[in-house]
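**Q** What would the 3D arrangement of this be:
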Amino acid sequence: MKNPVLLFLLIVVGLIFLNACYYDKEQLLTPPKTVGTGSSTCVKDSFAVYINPMIQTSCANGSGCHGAGSSSGPGALTTYSQIKANATAIQASVSAGRMPLGSPLSASQIQSITCWVNNGALNN
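**A** Okay, the predicted model is just below:
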């Protein structure tokens, strides 16, 4: 390349591109801890990383059924305290396939909720 300005710009763009590929979220870099043994082994899922986004998408904001001001079933499920207060009912409803309406959760999503509830429904 004969143009040093163009070469410099290509290097800068390349460095920006490579830097954008870096993950700094520890939860995504390290596997979650498993609890239990044998057939009762499950992944100790994080509320912030797995459970809350799933509930917001499938139950609260995404579906609109349990959004802010809702009086359906347990009411709104938009905050940790609302979700924690209804954790057992949420787990029972998704395990039985009654919720969410119209688009049931996958087996792995149901397992995540079950493990989260069984491990104390922590705000982690």
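
**Q** who touches the residue sitting nearest the centre point of the chain in this structure?
**A** Centre of the chain computed as the mean C-alpha position; nearest residue by CA atoms, centre = their mean is residue 50, 2.2 Å away. Neighbouring residues of residue 50 by CB atoms under 8 Å, 6 or more residues apart in numbering: 112, 116. In this view, the C-beta of every residue, glycine as well, is placed from N, C-alpha and C.

**Q** buried ones in the helix or strand where residue 113 lies?
**A** Assigned by DSSP states H and E, residue 113 belongs to helix 107-118. Buried positions in helix 107-118, judged by neighbour count with 16 or more other CB atoms under 10 Å: 109-110, 112-118.

**Q** how about those in CSV, adding pLDDT?
**A** What follows is the buried residues of helix 107-118, written out as CSV (pLDDT from 0 to 100):
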residue, pLDDT
109, 90
110, 91
112, 90
113, 92
114, 91
115, 90
116, 91
117, 92
118, 89
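
**Q** Going by residue numbers, what spans are strands in this structure?
**A** Taking DSSP state E to define them, one finds strands in the chain at 34-35, 42-43.

**Q** Among the ones you listed, show the one with the smallest mean pLDDT.
**A** Of all the strands of the chain, the segment with the smallest mean pLDDT is strand 34-35, scoring a mean of 53.

**Q** quick revisit: so what does the helix holding residue 113 touch, helix or strand wise?
**A** strand 42-43, helix 52-58, helix 87-95 (3 or more CB pairs under 8 Å, 6 or more residues apart in numbering; DSSP states H and E).
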